[in-house]
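[1] Attaching a predicted model along with its sequence, questions to come.
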Amino acid sequence: EGDYYQMTSDGSMKANVSAPSMPDFDMTFDMDMSGETKVDIQGARVYTKSQTSMEGVTTTTEAYIIGEDYYLKNEGGEWQKVTKEEAGDVSDQMDALKDLSSDSEYTLLEEQSVSGTDCYHYEVVMDEQALKDFTDSFSAAMQGSNQGDDFSDITVDSAKVEIWISKKDSRIVKSDMKIDKIAVKGTSQGVDLEMTITDVVISSVYSNWGEKVDLQAPI
């Protein structure tokens, strides 16, 4: 049998967007995010449902990865088969902590209990390669299906992750990511944009390890 798990996530951030060629264009907003993910590791199958709330408007996106095939459904739309690039950061859900390389700096903190599970508790400071992997994923997520957009100029300051690992079976139980600042320069629909994202907090809880999930292509 393959290995399975489920994950729920919550996050928030603040953002400011400006356009150098449009002096009057300057927008600041708060964004809240939540999501649920089901994973079949051996079968290379993932389902994810995410909600993003901004300025009182909430949008929902669902996606499947079935082997090498990607399926996406945006708010109010129908299921579509898409490319990996169009799927954006959904394709990274197969390995939720892939950005934490062995060269990242780990610090063992005080042991804690999470939802009744005794855990080792670590703080991780991402190394240069881990930050590059993260920014590549972030760039792909921002671009999404807008293939004419380019958000490849990204700088991340002070990215830290805390992880809680079960003492019993070495499974990950929880992860928290905190980023002080993400600076983005890019182009969308032919307009140069500058974006500053601050106070990024993303918390994820992992559960139901080993409990089979049946994930099938939606179309």
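    Okay, I see it.
[2] Which strand residues bridge residue 15?
    Taking DSSP bridges, one finds residue 29, residue 197 as the beta-bridge partners of residue 15.
[3] and it, how many residues sit next to it?
    Applying other CB atoms under 10 Å, we find 18 other residues in the vicinity of residue 15. Where you see a C-beta, it was placed from the backbone N, CA and C, and this is true even at glycine.
[4] can you check residue 7 too?
    Neighbours of residue 7 under the rule other CB under 10 Å: 20.
[5] ok, so what distance separates it from residue 201?
    For residue 7, the distance to residue 201 equals 16 Å [CB to CB, to the nearest Å].
[6] Could you do residue 124 as well?
    Plainly put, residue 124 is 15 Å away from residue 201 if you go by CB to CB.
[7] Who has more neighbours out of those two?
    Between residue 124 and residue 201, counting by other CB under 10 Å, residue 124 is the more crowded of the two (21 against 13).
[8] residue ranges of the helices in this structure, please?
    Listed in chain order, the helices found in the chain under DSSP state H are 84-87, 128-143.
[9] taking the mean pLDDT, what do you get for the shortest one?
    So that's helix 84-87. Averaging pLDDT along helix 84-87 gives 70.
[10] just stretch 165-179 next, same as before
    Averaged over stretch 165-179, pLDDT sits at 93.
[11] Same check on stretch 5-19?
    Throughout stretch 5-19, pLDDT has a mean value of 95.
[12] Also stretch 38-54?
    Mean pLDDT, computed over stretch 38-54, is 92.
[13] End to end on it, go ahead and measure it.
    Using CA to CA, to the nearest Å, the span of stretch 38-54 from its first residue to its last is 25 Å.
[14] I'd like the distance from it to the chain centre, please.
    Averaged C-alpha coordinates place stretch 38-54 at 10 Å from its chain's average position (CA atoms, centre = their mean, to the nearest Å).
[15] Now do the same contact list for the closest residue to residue 58 other than its chain neighbours.
    By the measure of CB to CB, 6 or more residues apart in numbering, the closest residue to residue 58 outside its immediate chain neighbours is residue 51, 5.7 Å from it. Contacts were defined as CB atoms under 8 Å, 6 or more residues apart in numbering; by that measure residue 51 touches 33, 34, 35, 58, 59, 60, 61.
[16] Neighbours of the second one, how many?
    Using other CB under 10 Å, residue 34 is surrounded by 16 other residues.
[17] And the strands in this structure?
    Here the chain has its strands, by DSSP state E, at 4-19, 22-40, 45-54, 57-66, 69-73, 80-82, 105-108, 112-114, 117-125, 150-166, 172-188, 191-207.
[18] got the contact list for the longest one?
    Right, strand 22-40. Among residues not part of strand 22-40, those counted as contacts by CB under 8 Å, 6+ apart are 2-19, 45-55, 93-94, 96, 191, 202, 212-213, 215.
[19] Can you spell out which residues form a bridge with residue 175?
    Residues found in beta-bridge contact with residue 175 (criterion: DSSP bridges) are residue 163, residue 204.
[20] What count of nearby residues applies to it?
    Residue 175: 22 surrounding residues under other CB under 10 Å.
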